[in-house]
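Peer 1: I'll drop the sequence and a predicted model, then ask my questions.
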Amino acid sequence: MKHGEGTPLRILVAGFGSIGKRHVRNLRSHTPIEVIAYRVGGEPLPPEFQGDWITETSDLDEALALGPTAALVCSPPSHLLSVALPIARAGCHLFIEKPLSHTLEGVQELVSLVKEKNLVSLMGYNLRYQPGLQLVKSFLDKGRIGRVVSLRVQVGQYLPDWHPWENYRISYASSMRLGGGVVLTQIHEIDYLYWFFGKVFEVYGLTGKLSDLEIDVEDYAVCLLKFKNKIIAEIHLDYFQKPSVRNCKIIGRKGQIRWNWENNHVQIFKNKDKKWVTKNFEKKFDKNKMYVDELEYFFNCVKRKKTPMNSIIDRLEPQKIALAIKESSKCGKKIRIK
């Protein structure tokens, strides 16, 4: 994240929850920065986020008047567009945390602004920077298991364990008002499947509240996705599994691929060889490196005026799929995605 000799990046950070703090820590450890912290209410910032390098304001116009190079928008989904739109109107490049919103209303206006003002915009789907999934993507691109037929994906993680230092009951993931729920919060799985296999044609979803967690959103979802290339995907998402699981199994005509987050490995089976080959990564995977890598990628795109691989301009598909899953569960029917 090199910017220039002695010239600090001036970054607007909108939303200073756990992910906003993580991004600021990562930026400060890699490059000189000046931070404009836009936040409304909440507890005072801890000492590590105080000093002459950070300016705090509750007025977005005031924040934009300070001339940031780019903005990291880390607001809850229900508030995100109301923050991102004026930032885009001001001509500021956008790194937007997932999910973009709990609705598609107003999204097209943001896309139009990004195009009109020639802005770099990137959605924060950090699993695209996970080395195991990058290897899976490479195997698929090289046709290592032939034509893919079907796959299964699951992620189950006990919500209170995500941020043990915080009260899970007031997090956006737990709140309908803030745009939470397991489908939108765990949209990473939907995104990497879109990255692997392209557009989804049809969706069927079943969601519900099955645990005794003190939340007012769905904590469980099972989904079937039919891709335009006829691949069928089964997805399981939940907020209550112990121990946590995160994995996928991809079945092709010439073999299979398995990815496992917990063991941090990728396995490939070729029918002709009749054996599994395992690629092990570091046992103690540094999860934070994904966040560092995505920020570095974003700022390189800003520097080179390059459209990122997951720009908001043409990468609204994960959002459409997630909302279609919720709609399908609500109406009890398959939903076709245009």
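Peer 2: It's in.
Peer 1: C-alpha only now, for contacts and for neighbours.
Peer 2: Fine.
Peer 1: Glu166 versus Pro47, what's the distance?
Peer 2: Using CA to CA, to the nearest Å, we find Pro47 at a distance of 18 Å from Glu166.
Peer 1: pick out whichever of those two has more residues nearby.
Peer 2: Glu166 (12 against 7; other CA atoms under 10 Å).
Peer 1: please, which helix or strand holds that one?
Peer 2: Counting by DSSP states H and E, no helix or strand carries Glu166.
Peer 1: and it, what pLDDT?
Peer 2: On pLDDT, Glu166 comes in at 90.
Peer 1: try the one 4 residues further on
Peer 2: According to the predicted model, the pLDDT of Ile170 comes to 92.
Peer 1: would you list the phi and psi of it?
Peer 2: When read as degrees, to the nearest 10, the backbone of Ile170 gives phi -110, psi 10.
Peer 1: next, count neighbours for it.
Peer 2: Neighbours around Ile170, by other CA under 10 Å: 12.
Peer 1: mind listing what it touches?
Peer 2: By CA atoms under 8 Å, 6 or more residues apart in numbering, no residues touch Ile170.
Peer 1: now do the one 5 residues further on
Peer 2: Contacts were defined as CA under 8 Å, 6+ apart; by that measure Ser175 touches Arg169, Gly181, Ile215, Asp216, Val217.
Peer 1: what about the fourth one, helix or strand, and which?
Peer 2: Per DSSP H and E, Asp216 falls between elements, in no helix or strand.
Peer 1: quick one: list the elements packing against the biggest helix by length in the chain.
Peer 2: In terms of residue count, the longest helix belonging to the chain (DSSP state H) is helix 288-304. Counting contacts by 3 or more CA pairs under 8 Å, 6 or more residues apart in numbering; DSSP states H and E, helix 288-304 is packed against helix 18-30.
Peer 1: ok and the following helix or strand past the helix it packs on relative to helix 18-30, angle-wise?
Peer 2: Scanning forward in sequence from helix 18-30 by DSSP H and E, the next helix or strand is strand 33-38. Following axes from the mean of the first three to the mean of the last three CA atoms, to 10 degrees, one obtains 160 degrees for the angle between strand 33-38 and helix 18-30.
Peer 1: what lines up beside the helix or strand following strand 33-38 in the sheet?
Peer 2: On the C-terminal side of strand 33-38, the closest following helix or strand by DSSP H and E is strand 54-57. Looking at strand 54-57 with DSSP bridges, its partner strands are strand 33-38 (parallel).
Peer 1: for the strand it pairs with, which outside residues touch it?
Peer 2: Identification of contacts with strand 33-38 by CA under 8 Å, 6+ apart yields 8-16, 27, 53-60, 63, 68.
Peer 1: any idea how far Met290 is from the spatially most central residue of the chain?
Peer 2: Centroid-nearest residue in the chain, with CA atoms, centre = their mean: Tyr125, separated by 2.9 Å. Distance, Tyr125 to Met290, using CA to CA: 9 Å.
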